[in-house]
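Peer 1: no sequence for this one, just the structure:
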């Protein structure tokens, strides 16, 4: 039975047990001498939750674990039949037999056909097992809870503490996600570093993943020195901040301190539009309009500008970051108490002097936090650089030349046709780990620095 | 007042000028940002508006029903597949040029019509079997180079050998155009077709459906979890190190680059859990994880904005904390939560990088029909098209961008209007 | 013999509106030079609003309109020829809640003189800072820690920093908006002491909701009620034999 059908069935069971239990509870409460502090519907809810949740969890776990388990089983079977096969070849065979079992391709290999038949049987057995176990669990629990209804127990409190735990688990998802990110990045990176020396990655000056053609040439596999890639990220981010910081900051100052309410109410949402434009659109504009334009201008000035210059990518990334800085700075500036401004104005300072000498220094920690978050954004940005920056790692800080960035390399290494275990795809995870660590540090510093702002006014 | 003290007055003038300068910097910055926004949208608009039209060629055809229908008079897929639709198209088209006899020239002529024209003709008769056995006129798509030439986007200044259209082909095009055999009509296919190798048959339907399915998964996954987490953090969490740790994690998650979520999806959802590649299910889960922190933060702000007096009133009447939260506070916080969700969804709709990682960048010709079938999404479609060499894809991706951005602006405006409408209830 | 009174401020027919709501109704009042004038009245009667007119701080509030004539040394401060920036260097203000800048004590006090060009080198500014601190009676407490952040001081000390800061720009008038309401009695007493010593050099106008304070420090008192100026005159007379019944009711505690 399919996932959705099973889901509907157990939901139906739960609803049934809800109505059953609540009507039983209603009768019992009427007949009872002392009233419990729970209503019939709470007993119904308790039944519903018991009927639905364990079965639902079982359904999810089964659906996720079964294919993993099956894959493992058949991988072992294949390697038993032919122990000489490499890991990659075993996986290839597994993919083949799965496709044959699914009817997508045909094969003349009797071993594959036999295994495919076995696989089909396994699939249907697993499906049957899932259906039976989920439905049984749901039905049995539902019956037990509904029949053992005792109004001496306060069902409402039981239901609420369950909900509370559920809410708690939801908030833990954030931690789980972070752990999952760190774990997966670490896991794959460690596999990478078992194939390629860690310090060569960290400090190597040469990045060329595609040099070797033969896969068994480990030594000539290609260089994975991350410095030029990291440098490219920094150059592009630097250019982006050069554009975004002044424009964003001055806009924020004007909107927060000098503009009338009417102007502010029109301009602020308009700047927000810049923030809502997807990065792929910026990348599109950068690659197809901005980069050629910059190239043309450069040529007329006699400069040699690459068609995928860091300048083009950085400038457009800067435009994308402007609303980010302007809106964060605006919030920070507005949170400076009016009493400080009054104090300065009462001393005969102009508004500009008040802004520059009192408000901005007071807002400084928050502004630094905003700046760091913007830098973090620029470093992690993907689409603009994928479309407008280049693929070759160039160890340069010249904005007119082409560079590649960490995010571009991750995308290019993982969207090719290479196999998952290949050293190239693993190197992408190494880069991913570096990127994550970098942005994590920036974010933490930004958080710590902005917290100092609120500590000043208590 | 003070006597007219010239040094003091000069100083005051200097200070006033400094203020004017600061204001000027602000205005210039804002204008720069606005100009860049306008330039961005205008350049894309100028490139994309022509994609609303597609060039079609008028052909006279007649197809016998025995080629298409079976004995019972129903459309026979087998027969239709075997029939030489391409031949019908070619013959009809070549009849406009009776003087062309050389084989190479005939090939050059044939290439002026879309390679999908035969397929389109077959689909036409499938939908309109009553037109069989009749002399009818159909309009079929021309090739993308032809289409671009008619729209004035073909660069004729390039030397002939470097061009995709020879001078002779251009002469033929002009001939057809002056004789009314070619016309620019509304590009319906853009909205009803999925992706295709040929620009003239490519449309955004597949991407739109893919985005919709992905977004549905994102919302089903992210919204309940985020709201539950927000309620927990606001009402039930005991202040202490664990709660602080949870909050730090959530804020941190909101600032992680989106590509990292793609890496997570690749290694956990695809490799570890074995979920199908390129599926809206996986894309939705990745984007959901990204959106959860945004919705948590927005929900917490809305819950906090509900006056504590309401919660206290409920508690005073004997409601439990959970009941107060669910029955009284959440409904009042709902508009704010809704606003945050819309904004989160708009962000997710425009995300590309994580989807690239989990494989939604494959070339998919069919519109996806389930959450587990291979699909693509709007921003990814735009990305793929912009990579193509054909100019016609350039104009189509521009139009797709206009639609995507238009839709996102609508979503964000809706969120802002909702926020303003429900802002001052108490 | 009639003493020729020198009026620092001559205020005629002032009306103040917040949007469509009128806060001050046609008030005329004269402020004597080098004396302390107290503005008293129940809360919300417009005393602070009136005070803020005198240094055009109401300009900062967006929907506030001021009508009428306010003459400082015979010049209308609301005329186009007068720049509020210069006005406020002449008429200083101390606020209800102490608002030192989150800078060092030295920087707080040097801020005003610096922007008005009263001193530019460290030496010149030091002289002004130390002088102001001395006149504010704070010099002994902070002279060793001028580089400490001003916000780390106690409430009373912070308020005296604000007074020193106001003095440092060499004003002629000091406006004080309930300067002691956020302070404890001991700090209050010190500030009242300070006011007395300052009155010989500056004209002081103080808004206070404490009648006892008004009676203690001021020479003249004006009683405000619901945006009207009910009565004004010598402090002694107001508190013992007021002309108006409303004044009598207020000082005997029948309302307020």
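Peer 2: Yes, it's here. Small disclaimer: the values here were computed from a predicted structure and weren't measured.
Peer 1: run through the strands of the stretch 1-150 of chain C in chain order.
Peer 2: C:7-18, C:21-32, C:36-40, C:64-72, C:75-76, C:91-94 (DSSP state E, counting those that start in this stretch).
Peer 1: now render those strands as TSV, adding distance to chain A and mean neighbour count.
Peer 2: Just so you know, the C-beta spots here come from the backbone N, C-alpha and C atoms, and that holds for glycine as well. Converted to TSV, the strands of the stretch 1-150 of chain C look like this (distance: least, C-beta to the nearest C-beta, whole Å; neighbours: other C-beta atoms under 10 Å in any protein chain shown):
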stretch	distance to chain A	mean neighbour count
strand C:7-18	15	17
strand C:21-32	18	17
strand C:36-40	17	27
strand C:64-72	13	17
strand C:75-76	16	14
strand C:91-94	4	26
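Peer 1: need these in CSV with mean pLDDT, can you?
Peer 2: Below are the strands of the stretch 1-150 of chain C laid out as CSV (pLDDT from 0 to 100):
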stretch, mean pLDDT
strand C:7-18, 91
strand C:21-32, 91
strand C:36-40, 93
strand C:64-72, 92
strand C:75-76, 91
strand C:91-94, 94
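Peer 1: nearest to residue B:216, of the ones you listed?
Peer 2: strand C:7-18 (50.8 Å; C-beta to C-beta).
Peer 1: count of residues packed around residue A:27?
Peer 2: Residue A:27: 12 surrounding residues under other C-beta atoms under 10 Å in any protein chain shown.
Peer 1: secondary structure element for residue B:341?
Peer 2: Using DSSP states H and E, residue B:341 sits in helix B:330-349.
Peer 1: an error on my part: the question was meant for residue C:230.
Peer 2: Per DSSP H and E: strand C:228-234 holds residue C:230.
Peer 1: contacting residues around that strand?
Peer 2: For strand C:228-234, the surrounding residues in contact (C-beta atoms under 8 Å, 6 or more residues apart in numbering or on different chains) are C:25-29, C:41, C:219-224, C:238, C:242-244, C:246-247.
Peer 1: can the next helix or strand after the helix holding residue B:341 be found next to chain A?
Peer 2: Note on helix B:330-349: by DSSP H and E, the next helix or strand toward the C-terminus is helix B:353-357. Yes - contact of helix B:353-357 with chain A (C-beta under 8 Å from any C-beta of the partner chain) involves B:353, B:356, B:357.
Peer 1: show the average pLDDT along helix B:353-357.
Peer 2: Confidence over helix B:353-357 (mean pLDDT, whole number) is 92.
Peer 1: next one: stretch B:81-92
Peer 2: Regarding stretch B:81-92, the rounded mean pLDDT is 85.
Peer 1: got the contact list for that stretch?
Peer 2: The contact list for stretch B:81-92 (C-beta under 8 Å, 6+ apart) reads B:59-61, B:63, B:67-68, B:110, B:113, B:117-119, B:121-122, B:140.
Peer 1: just the ones of those in helices?
Peer 2: B:110, B:117, B:118, B:119, B:121, B:122 (DSSP state H).
Peer 1: could these be laid out in CSV, adding neighbour count?
Peer 2: Below are the ones in helices among the contacts of stretch B:81-92 laid out as CSV (neighbours: other C-beta atoms under 10 Å in any protein chain shown):
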residue, neighbour count
B:110, 16
B:117, 28
B:118, 19
B:119, 16
B:121, 21
B:122, 19
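Peer 1: whatever residue of the stretch 151-300 of chain B ends up closest to chain C: helix or strand, and which one exactly?
Peer 2: With C-beta to the nearest C-beta, the shortest gap between the stretch 151-300 of chain B and chain C falls at residue B:251, namely 24.9 Å. Using DSSP H and E, residue B:251 sits within helix B:241-254.
Peer 1: just checking, what packs against that helix?
Peer 2: Packed against helix B:241-254 by the contact rule (3 or more C-beta pairs under 8 Å, 6 or more residues apart in numbering or on different chains; DSSP states H and E) you find helix A:155-195, helix A:423-456, helix B:280-305.
Peer 1: list the buried residues in it.
Peer 2: B:246, B:247, B:248, B:249, B:250, B:251, B:252, B:253, B:254 (16 or more other C-beta atoms under 10 Å in any protein chain shown).
Peer 1: neighbouring contacts of it?
Peer 2: Residues contacting helix B:241-254 (C-beta under 8 Å, 6+ apart): A:171-172, A:174-175, A:177-178, A:440, A:443-444, A:447, B:229, B:233, B:237, B:289, B:292-294, B:296-297.
Peer 1: pull the contacting residues for the residue nearest in space to the middle of chain C.
Peer 2: Nearest residue to the geometric centre of chain C (C-alpha atoms, centre = their mean): residue C:175, 1.4 Å. By C-beta under 8 Å, 6+ apart, the contact set of residue C:175 is C:51, C:54, C:55, C:91, C:92, C:93, C:94, C:204, C:205, C:206.
Peer 1: now residue A:452
Peer 2: residue A:365.
Peer 1: show the pLDDT at it.
Peer 2: pLDDT, read off for residue A:452, is 71.
Peer 1: now do residue C:154
Peer 2: 90.
Peer 1: for it, which non-adjacent residue is closest in space?
Peer 2: residue C:187 (7.4 Å; C-beta to C-beta, 6 or more residues apart in numbering or on different chains).
Peer 1: does the one you found touch residue C:155 like I think?
Peer 2: Yes - judged on C-beta atoms under 8 Å, residue C:187 makes contact with residue C:155 at a distance of 6.4 Å.
Peer 1: who has more neighbours out of those two?
Peer 2: residue C:187 (19 against 14).
Peer 1: give me the element that one is part of.
Peer 2: helix C:185-198.
Peer 1: report how many residues lie close to residue C:146.
Peer 2: Neighbours of residue C:146 using other C-beta under 10 Å come to 18.
Peer 1: mind checking how far it is from residue C:139?
Peer 2: 10 Å (C-beta to C-beta, to the nearest Å).
Peer 1: quick check: residues of chain A near chain C?
Peer 2: A:261, A:337, A:339-350, A:353, A:357-358, A:361-362, A:456.
Peer 1: tell me which helix or strand in chain C has the weakest average pLDDT.
Peer 2: Between all helices and strands in chain C, the lowest mean by mean pLDDT, DSSP states H and E belongs to helix C:245-251, at a mean of 86.
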